[in-house]
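**Student:** Only the shape, not the letters, is given here:
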RNA sequence: GUGAGCGUAGCUCAGCUGGUAGAGCAUCGGUCUGUGGCACCGAGGGUCGCGGGUUCAAACCCCGUCGCUCACCCCA
């Protein structure tokens, strides 16, 4: 036990890896039908890209990014993908593409946080972004619809959509100051963490989990009551657009984002079975980000990121995580001549799409079938001297023990029929 | 960064008031040279996380350290 995976990273082993593939394939299928196309991004970028998008002063940059010196520049493992998508959008002049650009991505992200349930240092996200000239509320609603369609496809149970509007640069600063002022009045009743947040990030007081702070927080002013007319209208229309799509949601006035470039629509989906970190997806509108990273000020953006690790946790928790796989055929052979025939038969079966295990060395049939059983093969195809002489194969159903002798051409239809009836 | 709980075989765990390690499952082999699941027999696999201390003697007691898990902080 000399080497082990470093803290916060893990191996994804079979059979769980099959579930990962199913989830990622479902994302490609569903997002594709909404007209999204995949963007494959680098794993690292200039540190400055992330620092700019997140703001220099937070300890996200100083403590939680994997940054290192590469010759004379600092680069960082990506902690998220939105900054990279925006960088690529600007770098490749995608504002000249017709309409809004709809992109999705999936892959590992890296944050140096203390691991806990559903939180790893190398974790995975599946995300999508819409970038372009329009900030129509219908886009917000469609992005959310797509997300829910994806979760539906996976039969995720117990997902709850929370939405909020956090205003924009016209109305949020005034709200934040109002909030700060109200918090000052109750400062002494708050815990040390919340007291600190009054100064550093008043919005974050709203998602405090401390029991004794809840009653105090409930009385704080709601941002929904302090939106400017434009944000108010946008938010109302987002809700109407969700209703048009038959989407049920919870308005959660305490759902916030920490960074300045976020504005208006904010949403989050929680799912059961996740422990303390119970959000399986977060998203929102970030109309200021393209400009912040050097693009056109008129470019709007909205997107989301799904925590794939957590999505899988929740699927497994609810029993929707079973992926059936396994062997169709265990090809038991004995004797040199049978091996020759078995090698050729195995290839033909595989070409036809069957999952075939072909023993590499000669084994007695008893041992062979024992292995077939433990490998959970559906059928054993038996090929020995007798079958060879008769020009047939024996095929045994390992679940019920029935066995038939078939000509090779009949084997394929036999297997296909039994496969279909599973 | 903070706090709590836990570290004995691949896995799940037992191991009494200290007397230098065991079970079940899994793996491999045999009973079984043409047929799996069952049964029986056998084998491999552990410096008891690591280091120090106490003791005639430590998996067990003490100190330290590392790791894992969960929660807080943070959350792009």
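**Tutor:** Yep, that arrived. Every value quoted in this text rests on a predicted model; they were computed, and no experiment measured them.

**Student:** Show me what from the stretch 301-422 of chain A comes close to RNA strand B.
**Tutor:** By CB under 7 Å from any atom of the strand, the residues of the stretch 301-422 of chain A that approach RNA strand B are A:334, A:364-367, A:369-374, A:380, A:382, A:384-387, A:394, A:396, A:398-401, A:403. Heads up, the C-betas are built off the backbone N, CA and C, glycines and all.

**Student:** The closest residue to RNA strand B within the stretch 201-350 of chain A: what's it in contact with?
**Tutor:** Per CB to the nearest atom of the strand, residue A:275 is where the stretch 201-350 of chain A lies closest to RNA strand B, at 2.6 Å. Residues in contact with residue A:275, defined by CB atoms under 8 Å, 6 or more residues apart in numbering, are A:116, A:117, A:118.

**Student:** what about the first one, neighbour count?
**Tutor:** It refers to residue A:116. Neighbour count of residue A:116, defined by other CB atoms under 10 Å: 11.

**Student:** Check the offset of the lowest-mean-pLDDT helix or strand in chain A from the chain's centre.
**Tutor:** In chain A, no helix or strand scores lower on mean pLDDT, DSSP states H and E than helix A:59-63, which sits at a mean of 82. Mean-position distance between helix A:59-63 and its chain equals 24 Å (CA atoms, centre = their mean, to the nearest Å).

**Student:** Touching the helix or strand just after it from outside, list them.
**Tutor:** Using DSSP states H and E, the helix or strand that follows helix A:59-63 in sequence is strand A:67-70. Outside strand A:67-70, the residues that touch it by CB under 8 Å, 6+ apart are A:47, A:74, A:75, A:76, A:77.

**Student:** surely the fourth one meets residue A:52?
**Tutor:** No. Counting by CB atoms under 8 Å, residue A:52 is not a contact partner of residue A:76; they are 11.7 Å apart.

**Student:** if we can go back for a sec, could you single out the nearest of the contacts of strand A:67-70 to RNA strand B?
**Tutor:** Distance to RNA strand B across the contacts of strand A:67-70 (CB to the nearest atom of the strand) is lowest for residue A:76, with 8.5 Å.

**Student:** how about the closest one, phi and psi?
**Tutor:** phi -140, psi 140 (degrees, to the nearest 10).

**Student:** ok, and the closest non-adjacent residue to the residue nearest the centre of chain A?
**Tutor:** Nearest to the geometric centre of chain A sits residue A:308, at 3.0 Å (CA atoms, centre = their mean). The shortest distance from residue A:308 to any non-neighbouring residue, by CB to CB, 6 or more residues apart in numbering, is to residue A:124 (3.8 Å).

**Student:** What strands line up against the strand or helix carrying that neighbour, and which way round?
**Tutor:** Using DSSP H and E, residue A:124 sits in strand A:122-132. Using DSSP bridges, strand A:122-132 pairs in its sheet with strand A:101-110 (antiparallel), strand A:300-307 (antiparallel).
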